[in-house]
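J.: Please work out how this folds:
(one chain, ligands or ions: 1)
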Amino acid sequence: MSNKIQTLSGYIHEYAKSVQNPDLFWSRVADSFFWQKRWDKVVEWNFDDPDVKWFTNAKLNITENILERHLFIMGDKPAIIWEPNDPEEASRTITYSELHKMVCQFANTMKAQGIQKGDRVIIYMPMVPEAAVAMLACARIGAVHSVVFAGFSATSLADRINDCEAKMVLTADGNFRGTKKIPVKAVVDEALEKTTTIEKTIVLKRTGLDVTMQEGRDIWWHEAIEGVSTENKAEIMDSEDMLFILYTSGSTGQPKGVVHTCGGYMVYTNYTFQNVFQYSQGDVYWCSADIGWITGHSYIVYGPLLAGATTVMFEGVPTYPDPGRFWAICDKHKVNQFYTAPTAIRALQAYGTEPIGPYKLDTLKVIGSVGEPINEEAWHWYHDHVGKGKCPIVDTWWQTETGGMMISPIAGVTPTKPSYATLPLPGIQLAILDNDGKELTGNSVEGNLCIKYPWPAMIRTTYGDHKRCQQTYFSSFKGYYFTGDGVKRDEDGYYRILGRVDDVINVSGHRMGTAEVENAINEHPKVVESAVVGYPHDIKGQGIYAYVICDMEGRSEENLTSEIRQSVTKIIGPIAKPDKIQIVSGLPKTRSGKIMRRILRKIATKEVSNMGDTSTLLNPEIVEEIMEGAK
Ligand code: WTA
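T.: Next up is the predicted model:
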């Protein structure tokens, strides 16, 4: 692709052009795609409503840009290489022409089962190629997919189905995770008891686990596709038609449905994928995320496949059958670009370098990190032992809401600095604001990370509740998109993300709202009140610390805490299980009744030497008691 940056001066030049004339810059990038009709305007926007449109009135189908656009010259090229959970099971390679047939066939299948343009379809599936096929088949017919991470509970799944009034669930009998077989369809069955909108489910056979199939509602995948045509004419979509909804946690109790649209998301994910990873034709690229997260959407499925890349998809976990599995996969499939999360790096680092020993890792050219700040120690370990000192690390900062990478080195082009996401990508106009909303200019400043100009893959709305989108992202600082992250711009103008400044905890790169976890804890009948904060955790980055007021009658502390953990797992899923639960008799509150989380955070972090002034609290004596209890 002609839009590839190859030198530092090239980056500086492209960045300047993107700011001076964004319309020209993005129309040049967009020109390399296949549009059914070209746009009237590149971008129209205001951040007050907000109202953002990219490539106005352009018509396209993103799957034509993934499939038809690549078929002539590289129909036989592997699109997806799938590595199963069990290393003894054969891997699968799916070429672009095979993917084309699978997507078309499944698109026709969904249509035959009653799905039309605009309908919402939930994907609750293991990491198998069919999950990517399901996403693309939705995009093909203009259905809006909403992938729900298959580790979420039935309640979480039901909430998401209800919020978007989905008509169909695509799922599987089960999910292989290391030595375990996790029932997936059973979770769907439980969720569907709490929903009314689902008409059909299509169930992929993967593990052979026993499932109950409800007559008239549930169909096996292999039976549904039998005899269905592998030819399909793509639905023509408007650039601003919805492509997908992805639910993510925020500071309030309920996850919100982040909405992405077709044209801008396509242009931006492809552009950033090509540039950040410096992907060349013939390379094998692997992102170890799950498709249930935005990283899986943008950088396992859409970005790489739009670029005609070979993308590896891994079903299992990093430690099965042993902690060398990631490196075994890199060698086996000759991976050139590898993209993972700091939490995985730290977890593997804990086993030392021995598990890496047997592997060459000599095909790696670029290694990447995403999801949370990467600490210097993990950065160096990754650089020295995985990248063998010769692979640039791309520490990519972005969010579900941004759709694609925003601050990141361009591999081999941008000089890196441990734990720095470095510089904004072309088109991204950052601003650091102090708490009063004043923009801090110049270097050596620290504050709230905001963005002052739209970019093609940005969030358009939160599904069914536009006001919430406005309030969450565009109301803290008028005229800016607020990320919720704190950031430092150092003396060289390099950006280092400092973590969330709101009530969001980043556990192993997964976003959890404190209110969401509190709500789940409070469901336990013996719980009176709770407060949840994050604290530094060696492997997970942040752990969940819960202070809980309970009615202890007839229960031991041990029983209660384990019941609370179980109930959180049931309501949200295992990822939200508190790491520490402290039973307390009260919570520090202001006179207006607000919980003083600042104090709880300090206790959880063991920074108790400077508690600040607690005399204005309603109940200052409780602080001493909680500190005692925390020991
Ligand atoms: C954090 C994941 C530091 C950040 C793509 C952000 C990071 C949240 C980085 C979004 C990074 C992501 N360095 N922090 N390289 N990448 N974050 O929506 O706090 O799951 O706001 O998107 O993760 O998480 P999300």
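J.: what's the closest non-adjacent residue to the closest residue to the ligand within the stretch 501-631 of the chain?
T.: The nearest approach of the stretch 501-631 of the chain to the ligand comes at residue 511, 4.9 Å away (Cβ to the nearest ligand atom). (Each C-beta comes from the backbone N, C-alpha and C, glycine too.) With sequence-adjacent residues excluded and distances taken as Cβ to Cβ, 6 or more residues apart in numbering, residue 511 is closest to residue 249, at 4.6 Å.
J.: How about residue 7?
T.: Here the nearest residue to residue 7 in space, its sequence neighbours aside, is residue 413; by Cβ to Cβ, 6+ apart that works out to 6.3 Å.
J.: Ok, residue 253 next?
T.: Nearest in space to residue 253, with sequence neighbours left out and distances taken as Cβ to Cβ, 6+ apart, is residue 515 at 4.5 Å.
J.: Next, count neighbours for residue 122.
T.: Other residues lying near residue 122 total 27 when counted by other Cβ atoms under 10 Å.
J.: Where does it sit: helix, strand or coil?
T.: strand (DSSP: H, G, I helix; E, B strand; the rest coil).
J.: Okay, and the beta partners of it?
T.: Beta bridges link residue 122 to residue 146, residue 169, judged by DSSP bridges.
J.: Hmm, it is touching residue 158, no?
T.: No - Residue 122 sits out of contact with residue 158 when judged by Cβ atoms under 8 Å, with a separation of 10.2 Å.
J.: List the neighbouring strands of the helix or strand harbouring the residue of the stretch 501-631 of the chain closest to the ligand plus their orientation.
T.: When elements are assigned from DSSP states H and E, residue 511 belongs to strand 510-513. As defined by DSSP bridges, the strand partners of strand 510-513 come to strand 504-507 (antiparallel).
J.: which residues are contacting the strand it pairs with?
T.: The set of residues that contact strand 504-507 without belonging to it, under Cβ atoms under 8 Å, 6 or more residues apart in numbering, is 249-251, 371-372, 484, 499-500, 511-514, 517, 532-534, 537, 540-544, 575-576.
J.: Mind checking the pLDDT average for that strand?
T.: Taken as a whole, strand 504-507 has an average pLDDT of 93.
J.: Does residue 540 touch residue 508 like I think?
T.: Yes - Residue 540 is in contact with residue 508 according to Cβ under 8 Å; the separation is 4.5 Å.
J.: list residues touching both of the two?
T.: The contact lists of residue 540 and residue 508 share residue 343, where a contact means Cβ under 8 Å, 6+ apart.
J.: for residue 173, what are its contacts?
T.: Applying Cβ under 8 Å, 6+ apart, one finds that residue 173 lies in contact with 183, 184, 185, 203, 204, 205, 206, 207, 208, 209, 210, 211.
J.: hmm, back to that, for PyMOL, write a command that selects the buried ones of the contacts of strand 504-507.
T.: Paste this into PyMOL to select the buried members of the contacts of strand 504-507, with burial taken from 16 or more other Cβ atoms under 10 Å:
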select buried, resi 249+250+371+372+484+499+500+511+512+513+514+517+532+533+534+537+540+541+542+543+544+575+576
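J.: State the three-state secondary structure for residue 618.
T.: Reduced to three states with three-state DSSP, the structure at residue 618 is coil.
J.: Contact partners for it?
T.: 589, 590, 591, 593.
J.: By neighbour count, which of these wins?
T.: residue 589 (17 neighbours).
J.: Return the residues in contact with whichever residue of the stretch 101-250 of the chain sits closest to the ligand.
T.: Going by Cβ to the nearest ligand atom, the ligand is nearest to residue 248 of the stretch 101-250 of the chain, at 5.4 Å. Residues near residue 248 by Cβ under 8 Å, 6+ apart: 255, 256, 258, 294, 400, 401, 511.
J.: Give me the buried entries from the contacts of residue 173.
T.: Among those, those scoring as buried are 183, 184, 185, 203, 204, 206, 207, 209, 211 (criterion: 16+ other Cβ under 10 Å).
J.: so how far is residue 215 from residue 186?
T.: 17 Å (Cβ to Cβ, to the nearest Å).
J.: Which one of those two is surrounded by more residues?
T.: When residue 186 is set against residue 215 and neighbours are counted by other Cβ under 10 Å, the residue ahead is residue 186, at 16 against 5.
J.: Which pLDDT value belongs to the nearest residue to the more buried one once chain neighbours are set aside?
T.: Nearest-residue entry for residue 186: residue 211, 7.0 Å, with adjacent residues in sequence omitted and distances by Cβ to Cβ, 6+ apart. Confidence at residue 211, expressed as pLDDT, is 97.
J.: try residue 618
T.: 87.
J.: mind listing what residue 148 touches?
T.: 122, 123, 124, 156, 157, 160, 247, 292.
J.: The third one: neighbour count?
T.: Look at residue 124: counted by other Cβ under 10 Å, it has 27 neighbours.
J.: what does residue 486 give?
T.: Residues within reach of residue 486, counting by other Cβ under 10 Å, total 17.
J.: Do whatever helix or strand it lives in and the ligand come into contact?
T.: Counting by DSSP H and E, the secondary-structure element that holds residue 486 is strand 481-489. Yes - residues of strand 481-489 are located near the ligand by Cβ under 6 Å from any ligand atom, namely 483, 484, 485.
J.: Identify the residues contacting the second one.
T.: With contacts defined as Cβ under 8 Å, 6+ apart, residue 484 is in contact with 250, 251, 500, 501, 502, 504.
J.: Also within reach of the ligand: list those from these.
T.: Among these, the residues that sit close to the ligand (Cβ under 6 Å from any ligand atom) are residue 500.
J.: which two from the contacts of residue 484 end up farthest apart in space?
T.: Using Cβ to Cβ, the two most remote members of these are 250 and 501, lying 12.8 Å apart.
J.: got a list of what residue 593 touches?
T.: Neighbour list for residue 593: residue 618 [criterion: Cβ under 8 Å, 6+ apart].
J.: What parts of the stretch 201-350 of the chain come near the ligand?
T.: Among all residues of the stretch 201-350 of the chain, those adjacent to the ligand (criterion: Cβ under 6 Å from any ligand atom) are 248, 293, 294, 295.
J.: If we only consider those, which is nearest to residue 469?
T.: Set against residue 469, the nearest of these by Cβ to Cβ is residue 248 (12.0 Å).
J.: Please name the nearest non-neighbouring residue to the closest one.
T.: Take residue 248 and drop its neighbours on the chain: the residue closest to it by Cβ to Cβ, 6+ apart is residue 400, 4.3 Å away.
J.: got a list of what that neighbour touches?
T.: Residues 246, 248, 258, 293, 294, 459, 511 are the ones in contact with residue 400 under the rule Cβ under 8 Å, 6+ apart.
J.: For the stretch 201-350 of the chain, give me the ranges with low pLDDT.
T.: For the stretch 201-350 of the chain, not a single residue meets the criterion pLDDT under 70.
J.: again with the stretch 51-200 of the chain
T.: Residue ranges of the stretch 51-200 of the chain with pLDDT under 70: none are present.
J.: Just confirm residue 167 contacts residue 121, I think it does.
T.: Yes - if you go by Cβ under 8 Å, residue 167 and residue 121 touch, sitting 6.8 Å apart.
J.: Of the two, give the one with the bigger neighbour count.
T.: Between residue 167 and residue 121, counted using other Cβ under 10 Å, residue 121 has the larger neighbour count: 26 against 20.
J.: The more buried one and residue 139 touch, don't they?
T.: No - contact criterion Cβ under 8 Å: residue 121 and residue 139 do not qualify, at 10.4 Å.
J.: who touches both of those two?
T.: Residues within reach of residue 121 and of residue 139 at once, by Cβ under 8 Å, 6+ apart, are residue 145.
J.: Need phi/psi at residue 345.
T.: Listed backbone geometry of residue 345 is phi -60, psi -50, with angles given as degrees, to the nearest 10.
J.: residues near it, how many?
T.: Using other Cβ under 10 Å, residue 345 has 24 neighbouring residues.
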